[in-house]
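Enquirer: how does the following fold in three dimensions:
(one chain, ligands or ions: 1)
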Amino acid sequence: MKKLLFLDQTGKSGGAELCLLDIAKNYRSSCLVGLFEDGDFRKRLEQHHIPVRVLAKRSIAVRKSSGAIAGLMSLGQLIPLAVRVATLSRQYDAIYANTQKALVMGAIASRFSHRSLVYHLHDILSPEHFSNTNRRLAVLLANRAKLVIANSQASRDAFITAGGNPALVEVVYNGFEIEPYQTEARSPIGLEGRFVVGHFSRLSPWKGQHVLLEALKYCDEKVGAIFVGDALFGEQDYVQQLQQQVQQFGLGDRVKFLGFRNDIISLMKSCDLVAHTSTAAEPFGRVIVEAMLCGKPTIAAKAGAAPELIDHGINGWLTTPSDAKELADMIESCRQNSQETAKIAAIAQQQASQRFRLTETNAQIHQYLEARL
Ligand code: UDP
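Expert: Predicted structure coming up:
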């Protein structure tokens, strides 16, 4: 078993962090997770007895859209952190960077400590998600790694299009523990008597909560929605925009915003359908697989990895991103053809529980690390 220093820039539990949590469980006795920010994710790692340390005093100020100047200005913050990571990494076989800023730190540190670098790519490195500077930097540094693990074919393709070395990349889908999905437990959501569409994502413009709100306008009055997730990265303007939309469309008694929750499975089980409405390419879309594992009919926007997870009309449905009317028609069609819909959801549940097993994902990662490091 390799000794790994995992690095992640955030203390919040986003998709990349939940994926890392599951991988690190396999390396608990020989790893450390270094975070550049404290938060809920640190607590989750501790709950699972995974060694974790917060390495930075303040979170790093550079964003996905930042250019070179903002990057240079943050050097005062980055250099001490890189030194800390380099020193620490000498106790490990490899640095495993799980996010972009972790890649930057990991690449610098690995130069000094002569440790191998692994990059787990959870992003689509395209202009719609990243500034040119950040894209170029990510590819330049990732090309120095021994192994790049892409979370989907879509992420792999975007990496190569941006100049990434194809020989470095292996695609490994996120894995899930299947047993918790077998529960019959349901969380109360307070929309009794309605056909409930669930939306499970952090509140962010490209996650497209506004598209589902607009779709509700075209659906029957009986259709309501819950929005589970918070503005993890400060998107307060968007939260206000969503609230205005609810007022403007008169959806007050059909919609609930539940904030960030840890009972995702029992909330999903309480829904009649799950909608995933990203307006830009989704790198993987854990929520899509989670909905399938819950046995819920799943509609996802056709972009990024969604078509790798869903075969339209076979195990779910795909819609044109940002097309609220098409989404509404699809929701209505599922609602009105409940028997056919249930059959498709059952197929999805069965397929997903074969295809996205955590044991398989962890075995693949272990195998690639042993082969490449
Ligand atoms: N999630 C959660 N609580 C919430 C909202 C989302 O635990 O309130 C989880 C969700 O179940 C999923 C992850 O956050 O596992 C989001 O991952 P995804 O790949 O869908 O999107 P990302 O956040 O990586 O863009």
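Enquirer: residues of the stretch 201-350 of the chain that sit close to the ligand?
Expert: 201-202, 228-229, 260-261, 264, 284-287, 290 (Cβ under 6 Å from any ligand atom). Just so you know, the C-beta spots here come from the backbone N, C-alpha and C atoms, and that holds for glycine as well.
Enquirer: who are the contact partners of whatever residue of the chain ends up closest to the ligand?
Expert: Relative to the ligand, the nearest point of the chain is Gly15 (2.0 Å; Cβ to the nearest ligand atom). Gly15 makes contact with 122, 174, 284, 286-287, according to Cβ atoms under 8 Å, 6 or more residues apart in numbering.
Enquirer: I'd like to know which of those residues are buried.
Expert: 122, 174, 284, 286-287 (16 or more other Cβ atoms under 10 Å).
Enquirer: where in the stretch 101-250 of the chain is pLDDT low?
Expert: Counting by pLDDT under 70, the stretch 101-250 of the chain contains no low-confidence segment.
Enquirer: so how far is Leu55 from Lys43?
Expert: 16 Å (Cβ to Cβ, to the nearest Å).
Enquirer: more neighbours: the two, which one.
Expert: The neighbour count for Lys43 versus Leu55, taken as other Cβ atoms under 10 Å, is higher for Leu55 (18 against 12).
Enquirer: which non-adjacent residue is nearest the more buried one?
Expert: Gly34 (4.6 Å; Cβ to Cβ, 6 or more residues apart in numbering).
Enquirer: can you give me the neighbour number for the one you found?
Expert: Gly34, neighbours per other Cβ under 10 Å, totals 27.
Enquirer: who's in contact with it?
Expert: By Cβ under 8 Å, 6+ apart, the neighbours of Gly34 are 5-8, 52-55, 85, 88.
Enquirer: which among those residues gets closest to Gly252?
Expert: Asp8 (38.2 Å; Cβ to Cβ).
Enquirer: apart from its chain neighbours, what residue comes closest to the closest one?
Expert: Asp8 sits nearest to Asn98 (Cβ to Cβ, 6+ apart), 4.4 Å away.
Enquirer: same thing with Ser13?
Expert: Ser13 sits nearest to Phe41 (Cβ to Cβ, 6+ apart), 4.8 Å away.
Enquirer: Glu332 too?
Expert: Glu332's closest residue in space is Cys219 (Cβ to Cβ, 6+ apart), at 5.9 Å.
Enquirer: over to Trp317?
Expert: Ile299 (4.6 Å).
Enquirer: right, and the one you found touches Met330 too?
Expert: Yes - contact criterion Cβ atoms under 8 Å: Ile299 and Met330 qualify, at 5.2 Å.
Enquirer: more crowded one of the two?
Expert: Using other Cβ under 10 Å, the more surrounded residue of Ile299 and Met330 is Ile299, with 27 against 19.
Enquirer: the more buried one: what secondary structure?
Expert: What DSSP: H, G, I helix; E, B strand; the rest coil gives for Ile299 is strand.
Enquirer: neighbouring contacts of stretch 151-160?
Expert: Contacts of stretch 151-160 (Cβ under 8 Å, 6+ apart): 19, 120-126, 139, 142, 148, 150, 166, 169, 171-174, 281-284, 304-305, 308.
Enquirer: which of those fall in helices?
Expert: 19, 139, 142, 308 (DSSP state H).
Enquirer: out of these, who's the most crowded?
Expert: Ala142 (26 neighbours).
Enquirer: residue contacts, it?
Expert: Ala142 neighbours (Cβ under 8 Å, 6+ apart): 103, 119, 121, 148, 159, 164, 168.
Enquirer: hmm, back to that, quick one: contacts for the residue nearest to Asp8?
Expert: With Cβ under 8 Å, 6+ apart, Asn98 has these contacts: 6-8, 16-17, 19-20, 120, 122.
Enquirer: which of these sit farthest apart?
Expert: Among the contacts of Asn98, Leu7 and Cys19 lie farthest apart (Cβ to Cβ), at 14.0 Å.
Enquirer: about what we covered before: give me the common contacts of Ile299 and Met330.
Expert: With Cβ under 8 Å, 6+ apart as the test, Ile299 and Met330 both reach 317, 319.
Enquirer: how about the strands in the stretch 51-200 of the chain?
Expert: For the stretch 51-200 of the chain, the strands defined by DSSP state E, counting those that start in this stretch occupy 52-54, 94-97, 116-121, 147-150, 169-171, 195-200.
Enquirer: and the contacts of the last one?
Expert: What that stands for is strand 195-200. Contacts of strand 195-200 (Cβ under 8 Å, 6+ apart): 189, 209, 212, 216, 220, 222-229, 264, 267-268, 270-277, 287, 290-291, 296, 331, 335.
Enquirer: what about 7 Å?
Expert: With Cβ atoms under 7 Å, 6 or more residues apart in numbering as the test, strand 195-200 has contacts from 189, 209, 212, 222-229, 264, 267-268, 270-275, 277, 287, 331, 335.
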